[in-house]
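[1] mind looking at a prediction? Sequence and model below.
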Amino acid sequence: MKKNKTLYWILTGLFSAFMVLTAIPEIINNPDAAAFMHHLGYPQYLNPFIGIAKVLGIMTVLLPVARQLKEWAYAGLFFDLIGATYSQIATDGMMPGILFMLLPIILLFVSYYLKNNSAQTAASPFAAKEYVTAHKY
């Protein structure tokens with residue numbers, strides 16, 4: 001259990017660092033980030049929005065919040081990564097460099113799996129209710 005928790009925090013930390021480091025240029029509307037978004041065909045005002053959404057998503061993943069909110073954050077980050085990958089393939093074609101995007105996507109899935117796996121192995125709040133229901137006195 002401790003091994004899974006350690007692995008979760010290492011992989012989630014790597015994933016979070018990747019997402020935050022890609023969000024900072026978007027938030028400050030760095031000229032290179034703006035040029036890249038223009039190359040993909042997106043308006044310049046979308047950059048800060050996506051950057052802030054990434055940071056909020058990572059904060060939600062890292063902080064102790066409701067499980068459903070965490071799942072929404074994982075989903076939003078997944079859609080961001082898939083959308084970025086698709087946009088790049090649609091604009092430039094399938095280039096070998098796009099395979100790099102598999103790394104954060106894999107990190108996201110493993111982080112999500114480890115988070116849910118550790119949550120299921122912990123004591124379930126429904127265990128007592130199921131016991132009482134099965135063993136009526």
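    Thanks, I have the structure now. Numbering: from 1, shown residues only.
[2] check the gap between the nearest residue to residue 82 once chain neighbours are set aside and residue 62 for me.
    Spatial nearest neighbour of residue 82, excluding adjacent residues (Cβ to Cβ, 6 or more residues apart in numbering): residue 105 at 7.4 Å. Every C-beta, even on glycine, is put in place using the N, C-alpha and C of the backbone. According to Cβ to Cβ, to the nearest Å, residue 105 stands 18 Å off from residue 62.
[3] any weak-confidence spans in this protein?
    In the predicted model of the chain, residues 118-137 satisfy pLDDT under 70.
[4] can I get stretch 85-95 as PDB, trimmed to CA atoms?
    Taking Å, rounded to 0.1, in the frame of the first residue of the first chain, the C-alpha atoms of stretch 85-95 are listed here in PDB:
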ATOM      1  CA  THR A  85      -2.400  16.200 -29.600                       C
ATOM      2  CA  TYR A  86      -5.200  16.200 -32.100                       C
ATOM      3  CA  SER A  87      -4.800  19.800 -33.000                       C
ATOM      4  CA  GLN A  88      -1.100  19.300 -33.700                       C
ATOM      5  CA  ILE A  89      -1.700  16.200 -35.800                       C
ATOM      6  CA  ALA A  90      -4.500  18.000 -37.800                       C
ATOM      7  CA  THR A  91      -2.300  21.000 -38.500                       C
ATOM      8  CA  ASP A  92       1.100  19.400 -39.100                       C
ATOM      9  CA  GLY A  93       0.400  15.800 -39.800                       C
ATOM     10  CA  MET A  94       1.700  12.900 -37.800                       C
ATOM     11  CA  MET A  95       5.200  13.900 -36.900                       C
END
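[5] perfect, that will be all.
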